[in-house]
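> Here you go, sequence then predicted model.
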Amino acid sequence: MSAMRGAAAYGRGASAYAKVGVESGVMSASPHQLIVMLFDGALAAIRTARIHLQDGNSAEKGKTISKALDIVNNGLLAALDGERGGEIAERLASLYEYVTRLLLAANLHNDVESLDQAETLLNDIASAWRDIGDQVARG
């Protein structure tokens, strides 16, 4: 019994430590790095949702897809500036809305292909964001 309590305490401690690390990273990140972190979070949630889907764990699948949806809608989509971003912002908004529809379909129909497509699209955009960051860092 005490070993289980110890494991639970360790899990809570590790989780708290990870949360502090993420919060510290957010506090010191540039706006560009924050967008990359959003992509990373959405992609991690999609990968986790796929595992839960394959394991038949509908509740956890739904939670992780909801997390990905939240990141896409309230992070990536909300961060777009239509005035300054112009046509690129409009196209990204359309793409994020499409990813949202894919994620909803994946959740509703247990559709791995929709998850795969959402992951591929987000990964492609994330790669472009990382390349931009690398170019800016090099000057």
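The structure has been received and is ready for your questions.
> For the residue most central in space within the chain, give me phi and psi.
In the chain, the residue lying closest to the centroid (CA atoms, centre = their mean) is Ala42, at 1.0 Å. Here is the backbone geometry of Ala42 (degrees, to the nearest 10): phi -60, psi -40.
> next one: Asn57
Taking degrees, to the nearest 10 as the convention, Asn57 sits at phi -90, psi 80.
> Identify the residues contacting it.
The contact partners of Asn57, by CB atoms under 8 Å, 6 or more residues apart in numbering, come to none. Where C-beta positions appear, they are placed from N, C-alpha and C, glycine not excepted.
> Go again with 10 Å.
Contacts for Asn57 (CB atoms under 10 Å, 6 or more residues apart in numbering) come out as 49, 51, 63-64.
> Just the buried ones from those, in PyMOL syntax?
Provided next is the PyMOL selection string for whichever of those are buried by 16 or more other CB atoms under 10 Å:
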select buried, resi 49+64
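> from the contacts of Asn57, which single one is nearest Leu34?
Thr64 (21.1 Å; CB to CB).
> Going by secondary structure, the closest one is in what exactly?
Assessed by DSSP states H and E, Thr64 sits inside helix 58-71.
> what's the answer for Ile46, then?
Here Ile46 is assigned to helix 31-55, by DSSP H and E.
> Can you give the distance from the helix or strand where Leu104 lies to the centre of its chain?
Following DSSP H and E, one finds Leu104 within helix 82-109. Centroid displacement of helix 82-109 relative to its chain, using CA atoms, centre = their mean, to the nearest Å, is 14 Å.
> So for that helix, mean pLDDT?
For helix 82-109, mean pLDDT is 96.
> And the next helix or strand past it?
helix 112-138.
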